[in-house]
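**Q** would you be able to build a 3D model of this:
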Amino acid sequence: MAEPLTRVDSAVQGLSESPPKEKISHRRASSSVAGVQSMKDMWETRTKLQLAPETQRTGWKINTSSSHVEEKDILKKPLVTPMVRAIDLVTDLGSVITARNRQGVTIKDALDAIYKMNKKRADDELDKPFLEGFEWAPEYREYDEETEKGRKEMEEEWQRLIIHLSPTPGVSNFSSKKKKKAAAAE
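**A** Numbers count the residues shown, from 1 in each chain. You can find the predicted model right below:
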């Protein structure tokens with residue numbers, strides 16, 4: 001009975017360490033969609049954004065649901081490329097609205113975020129009730145990257161879009177195939 005043990009037994013061998021545990025990741029796998037990045041990542045890599053041209057002159061009233069947009073096809077299109085999970089939208093008065101979608105922010109997500117902020121406002125309360133479009137400031141602006149103030153301003157504007165409103169509904173340059181076919185038939 002004095003045979004040596006062939007099996008490793010922690011009580012016999014005097015091992016005090018437990019087996020290494022896997023590091024727990026706090027990011028859910030479902031929230032990571034391929035090709036969709038955060039605005040922070042865009043800033044760090046200095047990736048330039050391109051706005052969807054369909055967002056300009058939609059004729060949409062900001063205190064009505066996004067379902068009132070004439071061109072329903074544009075609602076499914078991404079607001080910016082490359083696609084992002086969330087983006088801040090800034091009004092003329094400086095209020096910030098965040099449009100979110102883990103699969104990539106669409107034009108509908110942006111319109112819904114704007115509508116949520118303005119849905120209780122009456123028509124006569126709004127000086128400029130129609131969406132004219134969005135602007136990404138770094139595309140048109142020069143920054144002084146040598147100063148701390150210039151870098152901070154560039155970072156702030158890199159991660160947001162400016163909302164432009166109009167007192168009159170704009171006419172979209174983009175029309176659906178149905179309207180083109182109807183016009184061609186006449």
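
**Q** pLDDT below threshold where in the protein?
**A** 1-32, 171-186 (pLDDT under 70).

**Q** what about the strands in it?
**A** Here the chain has its strands, by DSSP state E, at 50-51, 80-81, 86-90, 96-100, 130-135, 160-166.

**Q** quick one: which of those strands is nearest residue 36?
**A** Nearest of these to residue 36, taken as CB to CB: strand 86-90 at 10.0 Å. C-beta coordinates here come from the backbone N, C-alpha and C atoms, glycine included.

**Q** returning to what we had before: for residue 65, which of the strands of the chain is the nearest?
**A** Per CB to CB, nearest to residue 65 of these: strand 130-135, 12.9 Å.

**Q** make JSON lines out of the strands of the chain and add mean neighbour count and distance to residue 141.
**A** Listed next are the strands of the chain as JSON lines, based on neighbours: other CB atoms under 10 Å; distance: least, CB to CB, whole Å:
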{"stretch": "strand 50-51", "mean neighbour count": "14", "distance to residue 141": "15"}
{"stretch": "strand 80-81", "mean neighbour count": "18", "distance to residue 141": "17"}
{"stretch": "strand 86-90", "mean neighbour count": "19", "distance to residue 141": "14"}
{"stretch": "strand 96-100", "mean neighbour count": "16", "distance to residue 141": "19"}
{"stretch": "strand 130-135", "mean neighbour count": "20", "distance to residue 141": "10"}
{"stretch": "strand 160-166", "mean neighbour count": "18", "distance to residue 141": "11"}
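
**Q** of these, which is nearest residue 35?
**A** strand 80-81 (10.0 Å).

**Q** what lines up beside that closest one in the sheet?
**A** According to DSSP bridges, strand 80-81 has the following sheet partners: strand 50-51 (antiparallel).

**Q** lovely, talk soon.
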